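J.: pasted the sequence and its predicted model underneath.
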Amino acid sequence: MRAWMLLWLAGILLFLAPTSLGINTALAAPGEPDAPPAAEAPPPAPDAPPPATEPPAAAEPPDLSGAPVAVNIGTYINRVTGISLKDGTVIADFWLWFRWRGGPSDFDPAQTFEIINGTILSREGSERRPLPNGEEYSAVRVVVQLNFIFDVRTFPLDDHTLNLEIEDTNYEDEEMKYVPDIAYAALDPSARVSGWELSGGSADVITWEYRTNYGDLSLGDKPVSHYTRYRYPLILTRSGVGMYFKLFWGSYVAVFLALSALLIKVTDLDARFGLGVGSLFAAMANAYIVADTLPDIDQMTLGDKVNLLAALFIFLSLIISVFSLRLTYVDREEASRKLDFGSMVFLAVAWIVANTLVVII
């Protein structure tokens, strides 16, 4: 029995030995063959561009805290239109240019200027380029509406000097200064204004002081700032006395008719007083027409004085007609005729003298 069991165990061991050997062999062998080594990258072609790299950080623009940059500035006026004394406006079309050396890389005064006494309606043709002498050049064509307070006290014999004023919005005068380009700043010879003779003056530059920090507390205790300001004068001169007579011929005719009424027999009441009263209303209507072309001011203009004189002398002629009529009521017709004729001559001379003095003074 014992021998049989030994033979049975030996058989089992002989049966398991190959299986165990197969398992160990399977564990020792690799499951997949090794991957072939990666091929080396081919060298770049001779004409291939270099590999992209990160761009370097932008350099900070140079500081303007040193000496101020001198910027030559000039204007060429193409035309002037739309003059309105009542609204105080003028439309101007002009070229504006700048020349300078130094300053930050992005410094361009043509992009940072402003019209102090007006509004930019349009701008075009802006360009910036270097000049052969090493300066930078920038120019722009601008159409602006300029605002002025016209001095109309001598209207319609008034002359005006209107300044086109330009400043930079970014840099104070300690950083940048305008220099007038007097040699080239000019007015186009073809520029015309109806009723005026237009001419250009000499450009200049002033320093304008602003007594405020505009509420910016970061400026510290600096409540005052200074900016350089360019000015180009436009000179308007009346081309003659045509406008004067065009406005006041109605008043002159009214005075002539009122004084002529003194030659009519005073007892013809309708003709005598009707002519004077009609002349008075004509003078008043002319005064309203003239006032409508001017701004509202608290001073008397030349036009106001001429129309007031006309109304005054017409009124005096009516007063004389009343006294002359009273003389006829007391049978003093000869005295009435002398009063009428003498008054007509006196008022005519006095009115001419008064008008002359008003115009001259």
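T.: Received it, and whenever you're ready, just let me know what you need. Numbering: from 1, shown residues only.
J.: now the strands for the stretch 1-150 of the chain?
T.: Taking DSSP state E, counting those that start in this stretch to define them, one finds strands in the stretch 1-150 of the chain at 69-84, 89-100, 113-115, 118-130, 136-147.
J.: from the contact counts, what lies against the second one?
T.: Packed against strand 89-100 by the contact rule (3 or more CB pairs under 8 Å, 6 or more residues apart in numbering; DSSP states H and E) you find strand 69-84, strand 136-147, strand 160-168. Any C-beta I mention is one placed from the backbone N, CA and C, and that applies to glycine too.
J.: need those strands in TSV (columns: distance to V306 and mean pLDDT).
T.: As requested, the helices and strands packed on strand 89-100 are exported to TSV (distance: least, CB to CB, whole Å; pLDDT from 0 to 100):
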stretch	distance to V306	mean pLDDT
strand 69-84	22	96
strand 136-147	28	96
strand 160-168	20	96
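J.: need those strands in CSV (columns: distance to L325 and mean neighbour count).
T.: Below are those laid out as CSV (distance: least, CB to CB, whole Å; neighbours: other CB atoms under 10 Å):
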stretch, distance to L325, mean neighbour count
strand 69-84, 48, 19
strand 136-147, 55, 18
strand 160-168, 49, 20
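J.: redo these as JSON lines? Include distance to S317.
T.: Shown next, in JSON lines, are the helices and strands packed on strand 89-100 (distance: least, CB to CB, whole Å):
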{"stretch": "strand 69-84", "distance to S317": "37"}
{"stretch": "strand 136-147", "distance to S317": "44"}
{"stretch": "strand 160-168", "distance to S317": "37"}
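J.: for W97, which of the ones you listed is the nearest?
T.: Nearest to W97 among those is strand 136-147; the distance by CB to CB comes to 4.0 Å.
J.: contacts for stretch 337-352?
T.: 255, 259-260, 262-263, 266, 309-310, 313, 316-317, 320-321, 323-324, 327 (CB atoms under 8 Å, 6 or more residues apart in numbering).
J.: likewise stretch 233-251?
T.: By CB under 8 Å, 6+ apart, stretch 233-251 touches 77, 80, 83, 90, 92, 156-164, 187, 193, 195-203, 282-283, 285-287, 289-290, 303, 306-307, 310.
J.: give me the buried entries from these.
T.: Listed as buried from these are 77, 80, 83, 90, 92, 156, 158, 160, 162-164, 187, 193, 196, 198, 200, 203, 282-283, 286-287, 290, 303, 306-307, 310; burial here means 16 or more other CB atoms under 10 Å.
J.: next, count neighbours for W249.
T.: If you count neighbours by other CB atoms under 10 Å, W249 ends up with 11.
J.: so for the helix or strand hosting it, what gets flagged as buried?
T.: For W249, the enclosing helix or strand under DSSP states H and E is helix 242-260. Buried residues in helix 242-260, counted by 16+ other CB under 10 Å: M243, Y244, L247, F248, G250, S251, Y252, A254, V255, L257, A258, L259.
J.: all helices for this structure, in order.
T.: Assigned by DSSP state H, the chain shows helices spanning 2-28, 242-260, 269-292, 302-329, 333-360.
J.: quick one: which of those helices is nearest R128?
T.: helix 242-260 (44.9 Å).
J.: report the angle between that closest one and helix 333-360.
T.: Angle of helix 242-260 versus helix 333-360, following axes from the mean of the first three to the mean of the last three CA atoms, to 10 degrees, is 170 degrees.
J.: and helix 242-260, how far out from the chain's middle?
T.: Chain-centre distance of helix 242-260: 39 Å, with CA atoms, centre = their mean, to the nearest Å.
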